[in-house]
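Asks: Quick one: sequence and predicted model below, then my questions.
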Number of protein chains: 2
Amino acid sequence: MSRTRRPTLEAVAARAGVSRATVSRVVNGLPTVTPEIRAQVMRAIEELGYIPNSAARSLVTKRTDSYALVASEPPSRVFSDDPLFSIVIRTVSVELEAADKQVVLMLASSPRSHARIERYVAGGHVDGVMLISMHAADPLPAAILRMGVPVVSYGRPAVNVEMPYADNDNVGGARRAVEHLLATGRRRIATIAGPPDMIAGQDRLTGYREALRGSGRRSIVAVGDFTRESGAVAMRQLLEDDPQLDAVFAANDLMAIGALQALRRAGRRVPDDVAVVGFDDIEAAKFTDPPLTTVRHPVVDQATAMVRLLLTPPSERTTDRVILPTELIVRDSA
Amino acid sequence: MSRTRRPTLEAVAARAGVSRATVSRVVNGLPTVTPEIRAQVMRAIEELGYIPNSAARSLVTKRTDSYALVASEPPSRVFSDDPLFSIVIRTVSVELEAADKQVVLMLASSPRSHARIERYVAGGHVDGVMLISMHAADPLPAAILRMGVPVVSYGRPAVNVEMPYADNDNVGGARRAVEHLLATGRRRIATIAGPPDMIAGQDRLTGYREALRGSGRRSIVAVGDFTRESGAVAMRQLLEDDPQLDAVFAANDLMAIGALQALRRAGRRVPDDVAVVGFDDIEAAKFTDPPLTTVRHPVVDQATAMVRLLLTPPSERTTDRVILPTELIVRDSA
DNA sequence: CTGAAAGCGCTTACAG
DNA sequence: CTGAAAGCGCTTACAG
């Protein structure tokens, strides 16, 4: 517990025989310091092992150089077991690190934690906020927006809030997935949709419907919550509703994996009896049996784009919304 | 960008007609304030929407109420695709949140980021550090220890550093897995080990060896890096080295999943021809074909124990190392 | 180019 | 129980 008492700017100044202002200038790399003095100060910093106190610094600069990544953690724990979550976190960390910024992770699980996050942001702890996986009813985005703190969203935010975001073409990706099923002669194409209050879920369902429209096929819908388990449950439901179905489009890979298992247990062969297409192209999609045909969600690019939006001042931005293309990856399941 | 100017303690004091010291006492819940004055101050706080400035506060208190979770991110990206990582993050967040603390996530990917993390911790940004997935050669643990900042580790740290940690019984778990293979009559039992510079990998290999010792079976070892891909590669290698093998213990589930795929492609049936046991019991283990027999790694409990160690002052700790039991979960693959 | 001084917004002995 | 005052460790106009 006896944390070593760290040397201050004052100590460095004394040692180098200059004023605190000068040391501050050297530390912050201001050009207006003679090379000799700079060298002197540098030596003192080195000898003392000086490291600026961050609280003192941000008290005056009003900056913290750290940004919050706020993930809503709904009861279904959607993201906690979702590998995309890890990838977003990692990408955001790496991008921000390149800009010498820090990431503070915040999970918005309960109403209580929502209040905490609001206070945290309002308290000036961070210079900006990234929102991920927000549900429609979430009051947080509006609250943060109101504080005047820069904020961006991973994925199109729920209606009624106006903020920059990076998304992928969920509608188009889903449409292509279903068109592929149509093109390969499938006649009864079901879908396992995501939670209705999450935009990605809505958009993928829209894509499914768009593809079906005018094909003469009717839509067969079950709803999951993006977990494997829910995918298995939904698949069983679907099989009961329409034992003749010969294809299913799951709104994410986790649910597709659940569906694969349910189909296996029901004695259906994939893709012979039932074709399965997922969405996301998570690592596991290559390792299912059979390997999963899916739509690639450009997670890294999307997270990177979000960070760029966050770090670019509004005045310098050419756009407020980045939509990345998705791509159908055909493997063996469809 | 026009961040609203927030009211200060000063403003609250003026409005409530009291001194700044009194407002500070109310804000911090000190008991030495008359109920009437407290009520007055509360009202002023409410009306003004006052929220304490965190930089100013920690400048004087020397506390930040936030803790760093530092994950080493080796080239193999072990953790980025590992669901355990997400679970640890989530558990740590929830636990710390319950104690009204914040989590700052830091990825120690490059030497450059190591330096940044050192500066960050030394700069007083956090009150303590949690280390996860450190490799043997990592200089960070020793550096942080030297600063006198409280630090704990998820998993037994590499030799030569002395710090509290929470781990699970990797050796015992691996031993039990292999004993199960022996008990079910397997004769040529291979293992896919983890990276030799990671303690969990070493310990699980030790367990494998212990179980084999005296059984008359020789050990057959391939090495992976905890990814699915490496599991598949190692399995192919193993099959080449010993086409007669009838069982394999993979040091984690991700590699077991890779092994399952390699076996399928090689035309081996699981468990009929080759039994497979993994380690961790990640969610996906229930959804493989066949469902994976594995050793349960109590991730949530281990992360919780780590946080407790971090938050408990050394003087109040009854122990510095918590070892959680593991459990063999028998499904269909072995 | 360099320094003296003010000030960022809090907390905390110290008096009263 | 309350207030005046000092101080935490920096940065930043302002002079010179």
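Replies: Okay, I see it.
Asks: Show me which residues of chain A are close to DNA strand D?
Replies: Selection of chain A residues close to DNA strand D by Cβ under 7 Å from any atom of the strand yields A:6, A:8-10, A:20-21, A:24-25, A:27-28, A:50, A:52-53, A:56-57, A:59-61. To be clear about C-beta, it is placed using only N, CA and C from the backbone, and glycine gets the same treatment.
Asks: So which of those are in helices?
Replies: Of the positions in the residues of chain A next to DNA strand D, A:9-10, A:20-21, A:24-25, A:27, A:56-57, A:59-61 sit in helices, assigned by DSSP state H.
Asks: near DNA strand C, from those?
Replies: A:20-21, A:25, A:56, A:59-60.
Asks: Show me which of those are buried.
Replies: A:25, A:56, A:59 (16 or more other Cβ atoms under 10 Å in any protein chain shown).
Asks: mind checking how far A:Ser72 is from A:Asp253?
Replies: Distance from A:Ser72 to A:Asp253, counting by Cβ to Cβ, to the nearest Å: 20 Å.
Asks: got the residue ranges for the helices in the stretch 1-150 of chain A?
Replies: A:9-16, A:20-27, A:35-48, A:54-61, A:83-98, A:111-122, A:140-147 (DSSP state H, counting those that start in this stretch).
Asks: Just want the angle from the third one to helix A:9-16.
Replies: Translated: helix A:35-48. 120 degrees (axes from the mean of the first three to the mean of the last three Cα atoms, to 10 degrees).
Asks: The helix or strand containing A:Gln202 packs against which elements?
Replies: Using DSSP states H and E, A:Gln202 sits in helix A:199-212. Here helix A:199-212 touches helix A:170-183, strand A:189-193, going by 3 or more Cβ pairs under 8 Å, 6 or more residues apart in numbering or on different chains; DSSP states H and E.
Asks: deepest of the ones you listed, which one?
Replies: Highest mean neighbour count among the helices and strands packed on helix A:199-212 (mean count of other Cβ atoms under 10 Å in any protein chain shown): strand A:189-193, with a mean of 28.
Asks: In terms of secondary structure, what does that strand contact?
Replies: Strand A:189-193 packs on helix A:170-183, helix A:199-212, strand A:220-223, helix A:228-241, strand A:247-250, helix A:253-265, going by 3+ Cβ pairs under 8 Å, 6+ apart.
Asks: Adjacent strands (with direction) for it?
Replies: strand A:220-223 (parallel), strand A:247-250 (parallel) (DSSP bridges).
Asks: I'd like the mean pLDDT over the first one, please.
Replies: Per-residue pLDDT over strand A:220-223 has a mean of 97.
Asks: Test of understanding: give the bridge partners of the residue in the stretch 151-300 of chain A that DNA strand D sits nearest to.
Replies: When scored by Cβ to the nearest atom of the strand, the stretch 151-300 of chain A has A:Val151 as its residue closest to DNA strand D, at 23.6 Å. Counting by DSSP bridges, A:Val151 forms beta bridges with A:Val129.
Asks: quick one on the thing from earlier: just the CA atoms of the helix holding A:Gln202, as CSV, please.
Replies: Extracted in CSV, the C-alpha atoms of helix A:199-212 (Å, rounded to 0.1, in the frame of the first residue of the first chain):
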residue,chain,number,x,y,z
ILE,A,199,-31.8,-2.2,-34.9
ALA,A,200,-29.6,-4.9,-36.3
GLY,A,201,-32.3,-7.4,-35.7
GLN,A,202,-34.9,-5.2,-37.3
ASP,A,203,-32.8,-4.5,-40.3
ARG,A,204,-31.9,-8.1,-41.0
LEU,A,205,-35.6,-9.0,-40.8
THR,A,206,-36.3,-6.2,-43.3
GLY,A,207,-33.8,-7.7,-45.7
TYR,A,208,-35.4,-11.1,-45.4
ARG,A,209,-38.8,-9.7,-46.2
GLU,A,210,-37.5,-7.6,-49.1
ALA,A,211,-36.0,-10.7,-50.7
LEU,A,212,-39.1,-12.7,-50.2
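Asks: confidence score at A:Thr4?
Replies: 56.
Asks: Return the residues in contact with the residue lying closest to A:Ala262 once chain neighbours are set aside.
Replies: Leaving aside its sequence neighbours, A:Ala262 sits nearest to A:Met235 (Cβ to Cβ, 6 or more residues apart in numbering or on different chains; 3.7 Å). A:Met235 sits next to A:192, A:222, A:248, A:258-259, A:262-263, A:266 when contact means Cβ atoms under 8 Å, 6 or more residues apart in numbering or on different chains.
Asks: mind listing what's buried in the helix holding A:Gln202?
Replies: A:199-205, A:207-209, A:211-212.
Asks: ok, now stretch A:155-166?
Replies: A:155-158, A:161, A:163-166.
Asks: Go ahead and confirm A:Arg296 touches A:Glu327.
Replies: Yes. With contact defined as Cβ atoms under 8 Å, A:Arg296 counts as touching A:Glu327 (4.6 Å).
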